[in-house]
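[1] Compute the structure for the input listed below.
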Amino acid sequence: MSAESVVDALYSGVSTEPGEGIDWASLRALFDASARFVLRTGAEPTDTLDLDGWIDDFQRFVTDADVERRGFFERIVRSEATTIGDIAHVLVLYEAGFPGEERAPRRGVDSIQLARRDGIWRMVSILNELPRDGRHLPAALAD
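    Numbering: from 1, shown residues only. Coordinates of the predicted model:
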């Protein structure tokens, strides 16, 4: 599996159709046990989480947003990957939302770092930003 396919599996793994659930074990297996996340939680604040904290946070979102009933998607709009030996960086423009919702999906940018150990790519960090005024998309992801 390539670094890019691991990233693709992440977005597929957090997405679910109404009435289905998320395979938490498969999702967790995409990450190194020491993975770190820096996620935008509002206009200015961010949270830094370890893997267990990220899983717990996402499980809370699934419960609070009634994702099992409504469904949820995060899909890659564009990405730019760079691989050098056993490290990789994938910059992703994604959109997220709920199936059938009239409101347009929300866009975000993830900067994902991966490492290959024993021939297996795993994500080691994700940094997240939400584009808005003053926070423009990088050229590699721009329309």
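[2] Tell me the residue in this protein that is farthest from the middle.
    For the chain, the residue at maximal distance from the C-alpha centroid (Cα atoms, centre = their mean) is residue 118, at 23.7 Å.
[3] Tell me the confidence at that residue?
    We have a pLDDT of 95 for residue 118.
[4] Just the pLDDT at residue 96, thanks.
    96.
[5] How about the contacts made by it?
    The contact partners of residue 96, by Cβ atoms under 8 Å, 6 or more residues apart in numbering, come to 72-75, 105-108. Where you see a C-beta, it was placed from the backbone N, CA and C, and this is true even at glycine.
[6] Look up phi and psi at the residue farthest from the centre of the chain.
    Dihedral angles of residue 118 (phi, psi; degrees, to the nearest 10) stand at phi 50, psi 40.
[7] what's the distance between it and residue 86?
    Residue 118 is 10 Å from residue 86, where distance means Cβ to Cβ, to the nearest Å.
[8] what do you get for residue 134?
    As judged by Cβ to Cβ, residue 134 and residue 86 stand 36 Å apart.
[9] Have a look at the two and say which one is more surrounded.
    residue 86 (12 against 5; other Cβ atoms under 10 Å).
[10] What segments of this protein are strands?
    Per DSSP state E, the chain carries strands over the ranges 31-40, 46-50, 73-84, 87-97, 106-117, 120-129.
[11] hmm, who's touching the second one?
    Taking Cβ under 8 Å, 6+ apart as the criterion, the residues outside strand 46-50 that touch it are 34-41, 57, 128.
[12] Among the residues you listed, name the buried ones.
    35-37, 39-40, 128 (16 or more other Cβ atoms under 10 Å).
[13] Flag whichever of these scores worst on pLDDT.
    residue 40 (88).
[14] for this structure, which spans come out with low pLDDT?
    For the chain, no stretch is flagged by pLDDT under 70.
[15] Next, the buried residues of the longest helix seen in the chain.
    Of all segments of type helix in the chain, defined using DSSP state H, the longest is helix 51-64. By neighbour count on 16+ other Cβ under 10 Å, the buried set for helix 51-64 is 51, 54-55, 58, 62.
[16] sorry, back to before: which among the strands of the chain is found nearest to residue 18?
    Closest approach to residue 18 among the strands of the chain is made by strand 73-84 (10.8 Å; Cβ to Cβ).
[17] Thank you kindly, that will do.
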